[in-house]
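S.K.: for reference, the sequence and a predicted model appear below.
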Amino acid sequence: MAGAPLARVRTAEGVVLCERCEVPKSSLARMRGLLGRSGLEPGGGMLIDAAPSVMTFFMRFPIDVVFLDRDRKVVGVRHGLRPWRVAGARHAVAALELPAGAAAAAGVDEGGVLVLEDIEG
């Protein structure tokens, strides 16, 4: 998404989940999300605030989704969420969408805390 601010997302232990994570600011950009894309590059992703759930309708590829509470604590993880699905987590206020397999590779689990570092925008 051209023009969206970018952030680096890592675990509290320093493991980077998303080197260039898009952070859409407008309601339309958040709603559009990853639609129309053929995939996510390694190190890519999207952090959607005000998203206690996600829908993968019309998407073309599976994703990992890490649900976060207001303190950026992980309250849920969905691995390999396929197109045409809905997922959410209790107490979630944001969703981090990652390439399938990225959450497991980084060892992300419920109860962990993620750190966001602005890198652009």
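M.R.: Alright, I've got the coordinates. Residues are numbered from 1 along each chain as shown.
S.K.: counting by contacts, list what the lowest-mean-pLDDT helix or strand in the chain packs against.
M.R.: Within the chain, no helix or strand scores below helix 27-32, which has a mean of 81 by mean pLDDT, DSSP states H and E. When contacts are defined as 3 or more C-beta pairs under 8 Å, 6 or more residues apart in numbering; DSSP states H and E, helix 27-32 packs onto no helix or strand at all. C-beta here means a position set from N, CA and C on the backbone, and glycine is covered the same way.
S.K.: what does it contact?
M.R.: The contact list for helix 27-32, computed with C-beta atoms under 8 Å, 6 or more residues apart in numbering, reads 1, 4, 24, 48, 49, 50, 51.
S.K.: return the distance of the second one relative to residue 97.
M.R.: In this structure, residue 4 and residue 97 are separated by 13 Å, where distance is defined by C-beta to C-beta, to the nearest Å.
S.K.: more neighbours, these two?
M.R.: residue 97 (26 against 18; other C-beta atoms under 10 Å).
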